[in-house]
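> Generate coordinates for the sequence data below:
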Amino acid sequence: MYSKRMRKLNLSSLFVVLAASLCAQDGNALYRQHCASCHDGGVGRAPQPAALKQMSAENVQFALNGGAMVKQGAALTPAEVLAVSQFVTGKVLAKETFAKQAFCADAAPPLDQALAQPRWNGWGVDSSNHRFQPAAMALLSASDVPRLKLKWAFGFPGDARAAAQPTVVGGRIFVGSQGRRVYSLNASTGCIYWVTGTDAPVRSAITIAEQGGSWMAYFGDGRANAYGVDAMTGKILWKTRVNGHPLAGTTGAPTLFEGRLYVPASGASEESVGGTADYECCRFRGSVSALDAGTGKVIWESYTIPEEPKPTRKNPKGVQLYGPSGAGVWGSPTVDATKHALYVATGDSYSDPPARTSDAIMAFDLGTGKILWSRQMTAGDAFNIACTNPAQKENCPDAKGPDFDFGSSPILVDLPNGRRALIAGQKSGVVHAVDPDQQGEVLWQTRLGRGSALGGIQWGPATDGVNLYAALSDIGFRQAQADAPGARRNVLYGTVTLDPKSGGGLFALNPATGKRVWTAPPVDCGDRINCSPAQSAAVTVIPGVVFSGAIDGHLRAYATTNGHVLWDVDTAREYPGVNGVKATGGAIDGPGPVIVGGILYVNSGYGAFGGAPGNALLAFSVDGK
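The predicted structure is shown next:
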């Protein structure tokens with residue numbers, strides 16, 4: 001009896017091993033056929049194999065079934081999707097769970113006095129998107145900053161990118177994740193109050209507000225859904241899709257003003273999928289929608305491109321193409337109560353003909369959504385991923401634009417001469433200031449770098465009312481041997497690594513004139529492998545100190561008076577997560593740090609565009625207390 005049972009167990013184990021081996025073989029072959037040209041080929045937005053290994057099989061499966069890789073997934077059977085997902089991650093399909101100890105032992109305190117306490121609410125702190133935290137909210141002085149040490153780390157399970165800026169209100173953190181979860185955490189300890197699942201990844205910042213006697217959390221997801229969630233329990237009270245295109249998403253944080261939620265929509269997925277030769281590129285148009293904050297009902301929806309896409313030409317494979325398209329809104333909208341206007345900055349076009357409102361700063365009427373004016377900064381910029389892939393270039397627009405999106409939110413500032421300015425940084429490497437009271441008339445333009453599809457100013461400057469602070473990406477790559485540490489195959493340039501001598505730098509500008517006040521040069525990479533000094537992440541400022549994160553994983557604090565480095569921490573390492581999940585730091589990109597009540601919170605890990613993957617939310621305080 002014993003030996004018969006053992007034989008059965010041994011046979012079962014053998015079947016499991018054989019099945020796993022066959023699945024891996026099938027996954028490998030399918031990956032080579034459908035995925036490797038981008039993920040091994042250096043297409044910037046495609047996570048590299050190291051980033052895929054850090055992800056969960058469930059997250060990859062989602063991307064293929066309904067996420068960014070839905071076009072590729074459509075060519076696979078469910079079994080093949082499973083095989084690819086498990087092959088690229090090296091993990092079996094399983095939902096990530098948290099240990100009981102990860103949850104707070106005590107119930108969350110009420111939020112009654114939340115807006116009277118130190119807080120960072122939404123993307124830019126205020127509806128003008130200054131990204132300036134006053135002293136009474138920061139409770140962290142310039143003299144304190146050099147003593148900052150790690151307080152705790154939180155790991156987002158199964159993720160390779162930590163790209164959602166945390167909101168801190170009422171002693172709690174509210175933060176989204178690539179793994180289609182939104183978390184409410186204790187701001188002091190990182191323990192979990194609640195976790196809520198979403199339809200798609202959430203990278204927008206979250207806004208907390210009282211509405212109809214209840215406290216609400218507002219955010220958007222990667223399928224262009226806006227959510228109204230009970231901030232105390234995490235229960236979804238309403239969900240509204242704000243853009244009808246199947247590949248639309250929301251990256252910028254919704255802006256709340258006078259009972260209305262203004263939600264942007266971008267179309268990064270179509271810009272990527274549009275590079276596939278059998279795809280009818282492209283019909284997405286960027287948009288902003290005004291919703292009733294209590295019910296989620298759409299009050300108005302306005303497109304950044306007024307005209308609907310129409311058939312243009314057929315590509316060499318006979319596939320019908322459409323245009324104009326694109327002009328997505330990547331950043332959080334800015335409110336101008338004086339002019340009763342809403343301001344956004346737009347991305348590039350995806351197809352011919354290039355839109356007149358792409359790469360532009362635009363104004364909409366708050367009440368109706370009517371376009372008030374548009375000021376284009378780069379004309380003729382039509383681009384999609386086909387333009388970077390010689391193997392599938394059929395859908396590259398004739399315009400072959402430089403891909404000079406605005407990824408940042410316009411900042412509304414008052415100038416000493418009584419005038420006002422809207423200031424925004426562009427991937428062209430230029431910071432622009434326009435007059436919101438004169439139909440977007442250009443006030444000044446200052447070039448900080450050469451700019452590129454991954455260069456220039458990415459996620460946005462900040463201002464303390466004295467200076468404007470802008471960080472420069474200008475990430476670069478250099479030729480390398482195939483066996484060089486960190487080497488990757490790029491479809492355009494062959495085998496490359498990150499260029500340690502290209503990119504980076506922080507600049508202080510006079511908001512009235514655009515003239516440079518000071519420049520802090522990039523910090524040398526030294527002997528670090530596959531390193532870039534590029535500074536892509538959004539900038540944050542408190543009195544006396546400006547913070548800027550870099551692709552090399554470092555977060556640095558600079559004196560606002562002269563750019564002298566006050567503090568420098570390398571976040572690219574492993575941490576024991578307070579939630580029982582290993583937290584891995586990597587590149588800092590996308591959101592900037594948030595400072596509230598003496599604690600600095602920052603995401604680390606961005607597995608795209610050559611950056612090191614990671615899944616960490618880190619909290620720093622004076623002496624780690």
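> And the helices in this structure?
Here the chain has its helices, by DSSP state H, at 2-34, 36-39, 49-54, 57-65, 70-73, 78-89, 135-138, 268-273.
> Please, where are all the strands along the stretch 301-450 of the chain?
With DSSP state E, counting those that start in this stretch as the criterion, the stretch 301-450 of the chain has strands at 310-314, 320-323, 334-336, 341-345, 360-365, 371-376, 411-414, 420-425, 430-435, 441-447.
> per-residue confidence for residue 483?
As predicted, residue 483 sits at a pLDDT of 62.
> scratch that, residue 402 is what I was asking about
Predicted confidence (pLDDT) for residue 402: 94.
> what's the neighbour count on the nearest residue to it once chain neighbours are set aside?
In this structure, residue 402 finds its nearest non-sequential neighbour in residue 381, 6.1 Å apart by Cβ to Cβ, 6 or more residues apart in numbering. To be clear about C-beta, it is placed using only N, CA and C from the backbone, and glycine gets the same treatment. Residues near residue 381, counting by other Cβ atoms under 10 Å, number 27.
> In this model residue 399 seems to touch residue 381, though I could be wrong.
Yes - the criterion here is Cβ atoms under 8 Å, and residue 381 meets it with residue 399 at 7.1 Å.
> so what sits against both of those two?
Each of 349, 354 lies in contact with both residue 381 and residue 399 under the rule Cβ atoms under 8 Å, 6 or more residues apart in numbering.
> Map the structural domains onto the sequence of the chain.
In the assignment given by automatic domain parsing, the structural domains of the chain cover 14-89, 114-622.
> got CSV for those domains, with distance to residue 99 too?
Putting these into CSV (distance: least, Cβ to Cβ, whole Å) gives the following:
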stretch, distance to residue 99
domain 14-89, 17
domain 114-622, 4
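> so which of those comes closest to residue 101?
domain 114-622 (6.6 Å; Cβ to Cβ).
> for the closest one, how far is the first residue from the last?
Taking Cα to Cα, to the nearest Å, domain 114-622 runs 23 Å from one end to the other.
> Where does pLDDT dip in the protein?
1-25, 27-28, 30-96, 480-495 (pLDDT under 70).
> Which residues belonging to stretch 616-625 are considered buried?
For stretch 616-625, the neighbour count (16 or more other Cβ atoms under 10 Å) marks 616-622 as buried.
> how much space between the closest residue in space to residue 310 that isn't next to it in sequence and residue 269?
Using Cβ to Cβ, 6+ apart and skipping residues adjacent in sequence, the residue nearest residue 310 is residue 322, 6.5 Å away. Here residue 322 is placed at a distance of 16 Å from residue 269 (Cβ to Cβ, to the nearest Å).
> One more: residue 552?
The gap separating residue 552 from residue 269 is 28 Å, by Cβ to Cβ.
> For these two, indicate the residue with more neighbours.
With neighbours defined as other Cβ under 10 Å, residue 552 and residue 269 compare such that residue 552 has more, 28 against 24.
> What's the end-to-end length of stretch 102-110?
Its first and final residues considered, stretch 102-110 spans 21 Å by Cα to Cα.
> Quickly list what residue 447 is bridged to.
For residue 447, the beta-bridge partners under DSSP bridges are residue 430.
> Surely it and residue 425 touch.
No - applying Cβ under 8 Å as the test, residue 447 and residue 425 come out as separate, 11.0 Å apart.
> Settle it for me: which of these two has more neighbours?
Taking other Cβ under 10 Å, residue 447 and residue 425 do not tie; residue 425 has more neighbours (32 against 12).
> ok, that one - contacts?
Taking Cβ under 8 Å, 6+ apart as the criterion, residue 425 is in contact with 406, 408, 431-432, 448, 456-458, 460-461, 470.
> okay, those residues in CSV with neighbour count and distance to residue 532 next?
Listed next are the contacts of residue 425 as CSV, based on neighbours: other Cβ atoms under 10 Å; distance: Cβ to Cβ, whole Å:
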residue, neighbour count, distance to residue 532
406, 33, 22
408, 28, 20
431, 25, 21
432, 25, 25
448, 24, 17
456, 30, 14
457, 31, 16
458, 27, 13
460, 30, 19
461, 30, 20
470, 28, 18
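> export the residues you listed to CSV and tack on distance to residue 334?
As requested, these are exported to CSV (distance: Cβ to Cβ, whole Å):
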residue, distance to residue 334
406, 12
408, 10
431, 16
432, 14
448, 21
456, 20
457, 16
458, 18
460, 11
461, 13
470, 16
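> ok, residue 380 to residue 386 distance?
Distance of residue 380 to residue 386, computed by Cβ to Cβ: 17 Å.
> Among the two, which residue is more densely surrounded?
Higher neighbour count among residue 380 and residue 386: residue 386, with 26 against 18, using other Cβ under 10 Å.
> so what's that one up against?
274-277, 281, 392-396.
> 7 Å instead?
274-275, 392-396 (Cβ atoms under 7 Å, 6 or more residues apart in numbering).
> Check residue 348 too.
Contact analysis of residue 348 by Cβ under 7 Å, 6+ apart lists 326, 358-359, 381-383, 401, 403-405.
> re the thing from before, just checking, the residue nearest to residue 310 touches residue 311?
Yes - between residue 322 and residue 311 there is a contact at 5.9 Å, judged by Cβ atoms under 7 Å.
> Neighbour count: these two, which is higher?
Neighbours were counted for residue 322 and for residue 311 using other Cβ under 10 Å; residue 322 has more, 19 against 10.
> ok, now which ones touch the more buried one?
280, 282-283, 309-312, 351.
> Could you check how far the closest residue to residue 329 other than its chain neighbours is from residue 397?
The shortest distance from residue 329 to any non-neighbouring residue, by Cβ to Cβ, 6+ apart, is to residue 264 (3.6 Å). Distance from residue 264 to residue 397, counting by Cβ to Cβ: 23 Å.
> Comparing the two, which residue is more hemmed in?
residue 264 (33 against 28).
> Any idea what that one is bridged to?
residue 288.
> Return the distance of it relative to residue 572.
Remark: distance between residue 264 and residue 572 (Cβ to Cβ) = 31 Å.
> what do you get for residue 293?
In terms of Cβ to Cβ, residue 293 sits 39 Å off from residue 572.
> just residue 221 next, same as before
28 Å.
> Equivalent analysis for residue 388, please.
26 Å.
> and what of residue 108?
32 Å.
> what about the two, which has more around it?
residue 572 (22 against 17).
> Pull the number of nearby residues for the closest residue to that one other than its chain neighbours.
Closest residue to residue 572 apart from its sequence neighbours, by Cβ to Cβ, 6+ apart: residue 553 at 2.9 Å. When neighbours are counted by other Cβ under 10 Å, residue 553 registers 23.
> now swap in residue 244 and tell me
Neighbour count of residue 244, defined by other Cβ under 10 Å: 12.
> just residue 607 next, same as before
28.
> Then residue 303?
19.
> For it, list the residues it contacts.
285-287 are the contacts of residue 303 under Cβ under 7 Å, 6+ apart.
> partner residues bridging it?
residue 287.
> For the residue nearest to residue 162 when sequence neighbours are not counted, give its distance to residue 124.
Residue nearest to residue 162 in three dimensions, not counting chain neighbours: residue 603, with 3.7 Å by Cβ to Cβ, 6+ apart. Here residue 603 is placed at a distance of 16 Å from residue 124 (Cβ to Cβ).
> likewise residue 349?
26 Å.
> When the two are compared, which one has more neighbours?
Taking neighbours as other Cβ under 10 Å, residue 349 and residue 124 compare with residue 349 leading, 32 against 29.
> which ones are touching the more buried one?
324-327, 355, 358, 381-382, 401 are the contacts of residue 349 under Cβ under 7 Å, 6+ apart.
> beta partners of it?
residue 326, residue 382.
> Same check on residue 236?
Residue 236 forms beta bridges with residue 229, as assigned by DSSP bridges.
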